[in-house]
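**Student:** 3D model of this:
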Amino acid sequence: MGKINGCIRFPFISFNGLFAVIGCMMIYGLMKISAYRQQQLEAAGSLGLGWAWVFTISILCIAGLGVFAGRKENALALKIFAGFMVVGMIIMMIFGIIVVVERNELKSDFESGNSETVKTWIDKEEMRELLNKLQQEVKCCGLVSAEDWGDDIPTSCECNSLRGYGGYGGSAGSECKAKPKGTSGPSFIYKQTCGGFIFEWIDYFYKIAMGVCFGFAVTALLGLLMSLLMIHQIKRHDSAAGASFAMTGY
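**Tutor:** This next block holds a predicted model:
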């Protein structure tokens, strides 16, 4: 009979075995990404991929340690595993909080309409091209307002639904408005801005990141509790065995 209750030991080993398989799959995926994107990766992308390797290898090694500790019922290995769970839980919680704060700050930037952080995006040529295409497809103008384009509003902001503007039979839901005073470009532009649409997409990835961070934090907490319980059972078993030997000698 083992030192640890099978109802705890087997789920613990299976739990870590599953993460070991996930770690192997992640390594395979990273190898594929590295092979196809080695020449295209920029410095920032390479750094991000490097951290992905560190994260993946850490998952695989810790999961392997958990499988070993559970199978061998090794108290020292379980203590080391528990320590990794504490560190991992703290790190994931910190990252999760950072993601939540950044997400709320970005949402506030889009809603306030006067954030320099959002408005500097339009100074980038890639962002201007993307926004031009988005304005035509989504029927919006500017990130937080049409003034984001300065004095020259592009034709992609042009709104042709004149019947939807003011005195042309418009209503509260009209999609067109007059261009800002002192600007050149189309006479009528889309009333809706693109910031809300862009934030919806960005928020989708933020929610995934939050789910991953807090999900791993909860997983680490469960692993910590299970490892502590197993350590307790090993100590209790060893203590009982020691007492039995002492009584036999007496």
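**Student:** Now do the contacts for the most centrally placed residue in the chain.
**Tutor:** Nearest to the mean C-alpha position of the chain, counting by Cα atoms, centre = their mean, stands residue 209 at 1.4 Å. Applying Cβ atoms under 8 Å, 6 or more residues apart in numbering to residue 209 gives the contacts residue 99. Glycine gets a C-beta too; all of them are placed from N, C-alpha and C.
**Student:** Report the mean confidence score over the host helix or strand of it.
**Tutor:** Assigned by DSSP states H and E, residue 209 belongs to helix 195-249. Averaged across helix 195-249, the pLDDT comes to 84.
**Student:** how deep is residue 207 tucked in, by neighbour count?
**Tutor:** 12 (other Cβ atoms under 10 Å).
**Student:** For the protein, just list every one of the helices.
**Tutor:** Using DSSP state H, the helices found in the chain span residues 6-37, 43-72, 75-112, 116-119, 125-138, 195-249.
**Student:** what's the angle between the longest one and helix 6-37?
**Tutor:** Helix 195-249 and helix 6-37 are oriented at 140 degrees to each other (axes from the mean of the first three to the mean of the last three Cα atoms, to 10 degrees).
**Student:** Would you check how far apart the residue nearest to the centre of the chain and residue 51 are?
**Tutor:** 13 Å (Cβ to Cβ, to the nearest Å).
**Student:** now residue 236
**Tutor:** From residue 236 to residue 51 the distance is 41 Å (Cβ to Cβ).
**Student:** how does the protein divide into domains?
**Tutor:** Using automatic domain parsing, the domain parsing of the chain gives 6-113+214-249, 116-196.
**Student:** Turn those into TSV, columns for distance to residue 204 and mean neighbour count.
**Tutor:** TSV is the format used below for those (distance: least, Cβ to Cβ, whole Å; neighbours: other Cβ atoms under 10 Å):
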stretch	distance to residue 204	mean neighbour count
domain 6-113+214-249	11	15
domain 116-196	13	16
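**Student:** Out of those domains, which is closest to residue 202?
**Tutor:** domain 6-113+214-249 (6.7 Å; Cβ to Cβ).
**Student:** these two touch, right, residue 231 and residue 77?
**Tutor:** No. The criterion here is Cβ atoms under 8 Å, and residue 231 misses it with residue 77 at 10.0 Å.
**Student:** which residues does the closest residue to residue 11 other than its chain neighbours contact?
**Tutor:** Leaving aside its sequence neighbours, residue 11 sits nearest to residue 226 (Cβ to Cβ, 6 or more residues apart in numbering; 7.6 Å). Contact analysis of residue 226 by Cβ under 8 Å, 6+ apart lists 8, 11-12, 15.
**Student:** just those now: which is nearest residue 126?
**Tutor:** residue 15 (43.5 Å).
**Student:** what's the closest non-adjacent residue to residue 22?
**Tutor:** Residue 22 sits nearest to residue 59 (Cβ to Cβ, 6+ apart), 6.9 Å away.
**Student:** For residue 53, see how far away the one you found is.
**Tutor:** In terms of Cβ to Cβ, residue 59 sits 11 Å off from residue 53.
**Student:** Mind checking the helices of the chain for the one nearest to residue 189?
**Tutor:** Nearest to residue 189 among the helices of the chain is helix 125-138 (9.1 Å), distances taken as Cβ to Cβ.
**Student:** Only C-alpha atoms, please: export that closest one in PDB.
**Tutor:** What follows is helix 125-138, C-alpha atoms only, in PDB (Å, rounded to 0.1, in the frame of the first residue of the first chain):
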ATOM      1  CA  GLU A 125       1.800  54.800 -41.800                       C
ATOM      2  CA  GLU A 126       0.700  51.200 -41.200                       C
ATOM      3  CA  MET A 127      -2.100  52.300 -38.900                       C
ATOM      4  CA  ARG A 128      -3.300  55.000 -41.400                       C
ATOM      5  CA  GLU A 129      -3.500  52.500 -44.200                       C
ATOM      6  CA  LEU A 130      -5.400  50.000 -42.000                       C
ATOM      7  CA  LEU A 131      -7.700  52.700 -40.800                       C
ATOM      8  CA  ASN A 132      -8.400  53.900 -44.300                       C
ATOM      9  CA  LYS A 133      -9.500  50.400 -45.300                       C
ATOM     10  CA  LEU A 134     -11.500  49.900 -42.100                       C
ATOM     11  CA  GLN A 135     -13.400  53.200 -42.600                       C
ATOM     12  CA  GLN A 136     -14.700  52.100 -46.000                       C
ATOM     13  CA  GLU A 137     -15.700  48.600 -44.800                       C
ATOM     14  CA  VAL A 138     -17.200  49.500 -41.400                       C
END
